[in-house]
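Colleague: sequence-free structure coming up:
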């Protein structure tokens, strides 16, 4: 294949350069009933490869292709090739035939954290919620500290945390190309803030913003209660209180740290990983 992008991919060690024809077959012609989701940049489809593997196929829409030159896509691929972690949705390959911009990812059979908390899927027990919080933190910590140059997610929310076959948490949809004029450390502090909101969702079962609630912002309703020592009032009652609520009260305190108004007073993702690891060990008593 003379396509230079294919050469980039193969040189960087991505597993596979896919043919457009095989991805069309695998998604039944990119049919709507195979859609897993859609965003501003395109569509994600569930696909089954000829070898039986289930994968997720992310196909850029025409507008995105027009506004993304080949060099930018190459740069994105270079970043994706360096990102390999058990708490990240890893890329398996790509297809650039006929001007397409298609990425093939690991398939996450248990959907998003958002759908379990708010969308009607199984609501997850407390032990699973604590484990998911810790694993998502590890995924972000990896992007912040181990990828070179570091990556800030810049749009973390519960819909960007997926659950694999073993119910492990995987981060997806992080920003690949950080603007040169952006301060990466500031972006990381925003990631911590957004992660704090996810922790409140995990603890309360409430959406980050819900027009039917007063106040509609979860942060505005939950933070004052946590700071008044009334965190028990926000704990999700849909799955019943555990025998030992102490880890959940501590989870509320960790969320409060991440949500400090002054970015300098927020912990790093590494700090949060340590706190949550400790909490998961305690939480065995839930």
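Modeller: Happy to help now that I have it. In this text, all values refer to a predicted model and were calculated from it rather than measured experimentally. Residues are numbered from 1 along each chain as shown.
Colleague: Would you quantify the distance from residue 209 to residue 140?
Modeller: For residue 209, the distance to residue 140 equals 21 Å [Cβ to Cβ, to the nearest Å]. No exception for glycine: its C-beta is placed from N, CA and C like everyone else's.
Colleague: and the two? which has more neighbours close in?
Modeller: The residue with more neighbours, out of residue 209 and residue 140, is residue 140; 29 against 13, by other Cβ atoms under 10 Å.
Colleague: low pLDDT regions in the chain?
Modeller: The chain contains residues with pLDDT under 70 at 1-15, 40, 177-182, 285-286.
Colleague: So what's the residue count around residue 267?
Modeller: Counted with other Cβ under 10 Å, residues neighbouring residue 267 total 18.
Colleague: got the contact list for the residue lying closest to it once chain neighbours are set aside?
Modeller: Distances taken as Cβ to Cβ, 6 or more residues apart in numbering put residue 257 closest to residue 267, at 5.4 Å, once the chain neighbours are dropped. Residue 257 sits next to 196, 266, 267, 272 when contact means Cβ atoms under 8 Å, 6 or more residues apart in numbering.
Colleague: can I assume residue 121 sits in a helix?
Modeller: No. Residue 121: not assigned to a helix; according to DSSP: H, G, I helix; E, B strand; the rest coil it is coil.
Colleague: Walking through the stretch 101-250 of the chain, point out its strands one by one.
Modeller: For the stretch 101-250 of the chain, applying DSSP state E, counting those that start in this stretch gives strands covering 102-106, 161-163, 169-171.
Colleague: my guess is residue 45 contacts residue 33, does it?
Modeller: No. Under the criterion of Cβ atoms under 8 Å, residue 45 makes no contact with residue 33, lying 9.6 Å away.
Colleague: Which ones among the contacts of residue 257 lie within helices?
Modeller: 196, 272 (DSSP state H).
Colleague: ok, of the contacts of residue 257, which one's closest to residue 122?
Modeller: When the contacts of residue 257 are compared for distance to residue 122 (Cβ to Cβ), residue 196 wins out at 24.5 Å.
Colleague: Residue 124 is in contact with residue 115, correct?
Modeller: No. Shown here, residue 115 and residue 124 do not form a contact pair, counting by Cβ under 8 Å, at 10.5 Å.
Colleague: which one of the two has more residues nearby?
Modeller: It is residue 124, of residue 115 and residue 124, that has more neighbours when counted by other Cβ under 10 Å, with 21 against 16.
Colleague: got a list of what that one touches?
Modeller: Residue 124 makes contact with 116, 117, 132, 239, according to Cβ under 8 Å, 6+ apart.
Colleague: Show me just the buried residues among the residues you listed.
Modeller: Among those, those classed as buried by 16 or more other Cβ atoms under 10 Å are 116, 117, 132.
Colleague: Reformat those as TSV; add distance to residue 277.
Modeller: Listed next are the buried ones among the contacts of residue 124 as TSV, based on distance: Cβ to Cβ, whole Å:
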residue	distance to residue 277
116	22
117	22
132	13
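Colleague: quick one: the helices in the stretch 1-150 of the chain?
Modeller: With helices called from DSSP state H, counting those that start in this stretch, the stretch 1-150 of the chain shows them at 4-12, 20-26, 62-67, 70-82, 113-118, 126-145.
Colleague: which one of those lies closest to residue 52?
Modeller: Among the helices of the stretch 1-150 of the chain, the nearest to residue 52 by Cβ to Cβ is helix 20-26 (10.7 Å).
Colleague: returning to what we had before: format the strands of the stretch 101-250 of the chain as JSON lines; extra columns: mean neighbour count and distance to residue 149.
Modeller: Putting those into JSON lines (neighbours: other Cβ atoms under 10 Å; distance: least, Cβ to Cβ, whole Å) gives the following:
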{"stretch": "strand 102-106", "mean neighbour count": "21", "distance to residue 149": "20"}
{"stretch": "strand 161-163", "mean neighbour count": "26", "distance to residue 149": "23"}
{"stretch": "strand 169-171", "mean neighbour count": "24", "distance to residue 149": "17"}
